[in-house]
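> Sequence below, structure please.
(one chain, ligands or ions: 1)
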Amino acid sequence: MLLTAELLLFYQRCARRAFLDVYGDSREKEPESDFLLKLHQDSRSHRQSILASHTYHQPDYNRGNWRAGMHATVELMRQGVECIYQGVLTSEWTPGVTLLSLPDLLVKEPGNSEFGDWIYVPQSIKLGKRSKLEYQIAGAFDAQVLANVQGAWPPTAWLLLRKRPPYAVSLEQRMPQMHQMLSDCISMLRDRATPEVFISRQRCNLCPWYGSCYRIAQQQHHLSLLPGITPNRYEQLRAIGVTTLEALIQLTPARLTPLFGAEMAEQLITQARSTFDDRAIFRASLESQSKSSHVLEIDRSIALRNSLDDRVELTPADLNGSSGRDPRLSQLTVLARSPKFQDRIEIHFDLEAEPELDIDFMFGVLIVDRDRQTETFYPLVAEQPEEESQIWEQFLDLVWQYPRAPIFHFCDYEVKTTSKLAKRYKTPRKLWQPLMSRFVDIHWWTTQTAILPVESYALKPIARWLGFQWRDASANGAQCICWYNQWLETGDRAYLDAIVQYNEDDCRATYQVKEWLVKFWLTADSGPTKEM
Ligand code: SF4
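All right, here's what the predicted structure looks like:
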């Protein structure tokens, strides 16, 4: 069995990933996405920028022939060259298990090793900016194999991160953890029992096995598809014998409260019920939210003001709550009808950004005029990165044509970016500060108001549950970043068109979710469904 630092790194993220990398059917792997290809490209650029400051030797051997690679690397170490790029080191670990280390760099330092009065220290080039634990464990792995080969411990293993100073791994701290992980990983591989699937957006993102794992999770109605079920919570549920939706909805909150606290217990069971029944459930705990009730009502009224059905008449019973309608709904309905909120125009806003270039290259603005019954989409695109300031100004001009219109968006990126760009371009306060009170975060309102039968509370799952379809089903924000870079490289307008289409669909999806949410608020006590 041949174990690498990369395999150990993947094992830390997901045991199943490491298992499938060794035993899985490679035909089930997904082809690399454009975004992953871009990451590889960025990684190569980062590597080249580091190598530019080194004079190095590279072992000469036929790729894949690790024995020859090891021989060539050891020969360079014996010669005492200053720096070795892409060396190959192997070491027997336990019977039948060989560790294969492929350090990016081995750099010579004073010391004593079996080669003479010098030692080598491993350096790993990482695209990330953070010294993640998984990187440190992989660094400890390289240090271990190197120590076995040169007969001396390196003082550290260096991580060469992007836009950060080199990070020295504490071998004293990480080596015992690495040994434990190595031992666990070897046991798992020897057992040959496929680890259970667990879908987690954070760790499954970019995994080549995602398609096959997700299919299995769906077939099994796996609890990891339920929002709120983290790996830790799943383990706790397993410990009490709960591994299915059916079992979860049978529980009382009191049974789960000792494990997760009362609020989370209630939330998990309600989420399971929502998914099991495929229906939205009204969240009853608005008062417990952190926003002040004043802000809460004002925000809700903004969200509602253009969408209220004029036929909804309020009675005294509505206002004091004795009609059975939630009095808060009545309250916000009153607010929504105040003269302050009578504008019949609303704006839906979505941004596309390229973090590497630190720019927001597209502002999508959908203007809905209920009186004229028009929906007009304005794609404001920076065809070159330096045009960001122009589209920022165009955006401000556009939204100030409707000074009373609420600006709906999904999540808080748009709000944060507005203040960021205002600072960047020294925009007068009067032009951007008032927008802050016009922004309405539909994601926040959705999650505070409803529990939905979705796998996550991102825009796509919610809007898709409501029946909305993106014209390009495979498009996403990461793909837009790739498209924008491809546009910059090739000048092919098809890439820009694809971005514009995707962004418009995001704006329209936000609009659809908001429309549904308003109706849901107004009819929640009568059991709303997605058909509303
Ligand atoms: S898709 Fe997720 S569960 Fe499957 S192997 Fe990859 S990380 Fe693990």
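
> From now on I want contacts and neighbour counts done on CA atoms only, so please keep to that.
Fine.

> which residue is nearest the centroid of this structure?
Nearest residue to the geometric centre of the chain (CA atoms, centre = their mean): Gln202, 5.6 Å.

> can I see the domain layout of this protein?
2-191, 201-282, 345-526 (automatic domain parsing).

> would JSON lines of those with mean pLDDT be doable?
As requested, the domains of the chain are arranged in JSON lines below (pLDDT from 0 to 100):
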{"stretch": "domain 2-191", "mean pLDDT": "96"}
{"stretch": "domain 201-282", "mean pLDDT": "95"}
{"stretch": "domain 345-526", "mean pLDDT": "94"}
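
> Enumerate every residue touching Gln48.
Contact analysis of Gln48 by CA atoms under 8 Å, 6 or more residues apart in numbering lists nothing.

> Could you say which helix or strand holds it?
Using DSSP states H and E, Gln48 falls within helix 34-51.

> Let me know the next secondary structure element after that helix.
Downstream of helix 34-51, the first helix or strand assigned by DSSP H and E is helix 66-79.

> What residues of that next one count as buried?
When burial is assessed from 16 or more other CA atoms under 10 Å, helix 66-79 yields the following buried residues: 66, 68-74, 76-77.

> Closest to the ligand out of those?
Distance ranking of those against the ligand, using CA to the nearest ligand atom, places Trp66 first at 26.4 Å.

> was I right about that closest one contacting Val88?
Yes. With contact defined as CA atoms under 8 Å, Trp66 reaches Val88; the gap is 6.8 Å.

> Give me the buried positions along stretch 441-451.
Quick answer for stretch 441-451 (16+ other CA under 10 Å): 441-443, 445-446, 448-451.

> and what of stretch 479-490?
In stretch 479-490, counting by 16+ other CA under 10 Å, buried: 479-488.

> got it, and stretch 464-476?
For stretch 464-476, burial by neighbour count (16+ other CA under 10 Å) applies to 465-466, 468, 470.

> Inside helices: which ones of these?
In helices, defined here by DSSP state H, the members of those are Trp465.

> What about the ligand: which of the buried residues of stretch 441-451 touch it?
Taking CA under 6 Å from any ligand atom as the test, the ligand is in contact with none of these.

> count of neighbours near the residue of the stretch 401-532 of the chain found nearest the ligand?
Residue nearest to the ligand within the stretch 401-532 of the chain (CA to the nearest ligand atom): Glu455, separated by 14.4 Å. Neighbour count for Glu455, taken as other CA atoms under 10 Å: 19.

> Secondary structure element holding it?
Using DSSP H and E, no helix or strand contains Glu455.

> Surely it and Gly228 touch.
No. Contact criterion CA under 8 Å: Glu455 and Gly228 do not qualify, at 9.5 Å.

> Would you map the strands across the stretch 301-450 of the chain?
345-354, 359-369, 374-381, 407-409, 439-441, 450-451 (DSSP state E, counting those that start in this stretch).

> Around the ligand, pick out the residues from the protein.
Contacts of the chain with the ligand, taken as CA under 6 Å from any ligand atom, map to 14, 16-17, 197-199, 203-204, 207, 209-210, 213.

> how does it look with 5 Å?
When proximity is defined by CA under 5 Å from any ligand atom, the chain lies next to the ligand at 14, 16-17, 197-198, 204, 207, 209-210, 213.

> Dump the residues you listed to a markdown table, plus neighbour count.
Shown next, in a markdown table, are these (neighbours: other CA atoms under 10 Å):
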| residue | neighbour count |
| --- | --- |
| Cys14 | 20 |
| Arg16 | 22 |
| Arg17 | 25 |
| Val197 | 19 |
| Phe198 | 23 |
| Cys204 | 18 |
| Cys207 | 16 |
| Trp209 | 22 |
| Tyr210 | 21 |
| Cys213 | 20 |
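
> So which of those residues belong to helices?
Among those, DSSP H puts 16-17, 204, 210, 213 in helices.

> looking at the strands of the stretch 301-450 of the chain, which is buried most?
strand 407-409 (a mean of 26; mean count of other CA atoms under 10 Å).
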